[in-house]
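*Asks:* Structure of the sequence below:
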Amino acid sequence: MSIHPSAIVAPGARIPDSCTIGPFCTIGAEVELGEECTLVSHVVLAGRTRIGARNTLYPFCSIGQPPQDLKYRGEPTAVEIGDENTIRESVTISRGTQGGGGITRLGSGNLLMAYAHIGHDCQVGSQCILANNATLAGHVTIEDGVTLGAFCPVHQHCVVGAHAFIGGGTIVTQDVLPFSLTAAKRENHAFGINKVGLRRKGFSAERLGRLERAFRLLLASKLNTSQAIEKMREIESEDVALVVEFIERSQRGVIK
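*Replies:* Residues are numbered from 1 along each chain as shown. Have a look, this model is predicted:
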């Protein structure tokens, strides 16, 4: 194990021999790291924080500190992080609250750029990108494959659907449709599907065509949402079915 002499590691912390702990890192007693993690320097890990294998944490990121919630009274809550994430400078991830389920989760293969924030009780999937200063308030759900642009705040309890792309500077106060390209002009709009991003992820022309047809019904026809959903059900596509299910379970309404 490589632990710099200036690092402070509390007794009880579980750190495999394959990990590298850089200078001036602070690791609490209830922290558990997976194999081959690298803490570059000045990283703070606190509370009941469990981090999987092959994660890289850059200077001044802080994970597992108490949530920024005035209702929190020190109850034992946690942060759980998967494998192969890149967590850049000054990222903050708060632990959960008793009222929100108790656990803040981050999946695997994510890139969190500098100054991104994941608030208490958020559930973030895998293969996501949170660009610089993207901020998630408490109880936000980010599904797999999402790209959240720089300086995007997301309101409490919002859900961002799988493979959505949100342009920089968009203030998200409603749910974001899966597969969508959503951004702010004078107000927030879904501009269709995230075509370039989906192509890069291997979506076939046929899959993209069916999604485009569904999004035209939803966004560009004269049908209301209920009428558009009925027409969308006629399209034989698991992706379109996912969009329909997402709209029907939305609690905050979706950005159209």
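
*Asks:* Nearest spatial neighbour of R233, chain-adjacent residues omitted?
*Replies:* V244 (6.4 Å; Cβ to Cβ, 6 or more residues apart in numbering). Glycine gets a C-beta too; all of them are placed from N, C-alpha and C.

*Asks:* and R216, backbone torsions?
*Replies:* phi -60, psi -40 (degrees, to the nearest 10).

*Asks:* and it, how far is that from I235?
*Replies:* Shown here: R216 relative to I235, a distance of 11 Å by Cβ to Cβ, to the nearest Å.

*Asks:* Among these two, which residue is more densely surrounded?
*Replies:* Set R216 next to I235 and count neighbours by other Cβ atoms under 10 Å: I235 wins out with 17 against 14.

*Asks:* how much space between the more buried one and G138?
*Replies:* I235 is 36 Å from G138, by Cβ to Cβ.

*Asks:* Quickly find the element holding the residue nearest to R233.
*Replies:* Using DSSP states H and E, V244 falls within helix 238-249.

*Asks:* Kindly report the same for V196.
*Replies:* Going by DSSP H and E, V196 is part of helix 195-200.

*Asks:* Buried residues in that helix, which are they?
*Replies:* For helix 195-200, the neighbour count (16 or more other Cβ atoms under 10 Å) marks 197-198 as buried.

*Asks:* tell me what that helix is packed against?
*Replies:* helix 205-219 (3 or more Cβ pairs under 8 Å, 6 or more residues apart in numbering; DSSP states H and E).

*Asks:* could you check the angle helix 238-249 makes with the helix it packs on?
*Replies:* Computed by axes from the mean of the first three to the mean of the last three Cα atoms, to 10 degrees, the angle separating helix 205-219 from helix 238-249 equals 30 degrees.

*Asks:* Contacts for helix 205-219 next, please.
*Replies:* With contact meaning Cβ atoms under 8 Å, 6 or more residues apart in numbering, helix 205-219 is reached by 177, 179-180, 190, 192-193, 195, 198-199, 203, 223, 225, 228-229, 231-232, 235-237, 239-240, 243, 256.

*Asks:* Filter the residues you listed down to the buried ones.
*Replies:* Among those, those that count as buried by neighbour count (16+ other Cβ under 10 Å) are 177, 179-180, 190, 192-193, 198, 203, 228-229, 232, 235, 237, 239-240, 243, 256.

*Asks:* Model confidence for the residue nearest the centre of the chain, exactly?
*Replies:* For the chain, the residue nearest the mean C-alpha position is V124 (3.5 Å; Cα atoms, centre = their mean). According to the prediction, V124 has pLDDT 98.

*Asks:* Distance check, it against R233.
*Replies:* Separation of V124 from R233 (Cβ to Cβ): 30 Å.

*Asks:* Would you list the phi and psi of R105?
*Replies:* When read as degrees, to the nearest 10, the backbone of R105 gives phi -120, psi 140.

*Asks:* Pairing partners for it in the sheet, please.
*Replies:* E80, Q123 (DSSP bridges).

*Asks:* these two touch, right, it and C128?
*Replies:* No. Assessed by Cβ atoms under 8 Å, R105 is found out of contact with C128, at 11.9 Å.

*Asks:* Looking only at neighbour counts, state which of these two leads.
*Replies:* Ranked by neighbour count (other Cβ under 10 Å), R105 and C128 place C128 first, with 26 against 19.

*Asks:* Many thanks, I have nothing further to ask.
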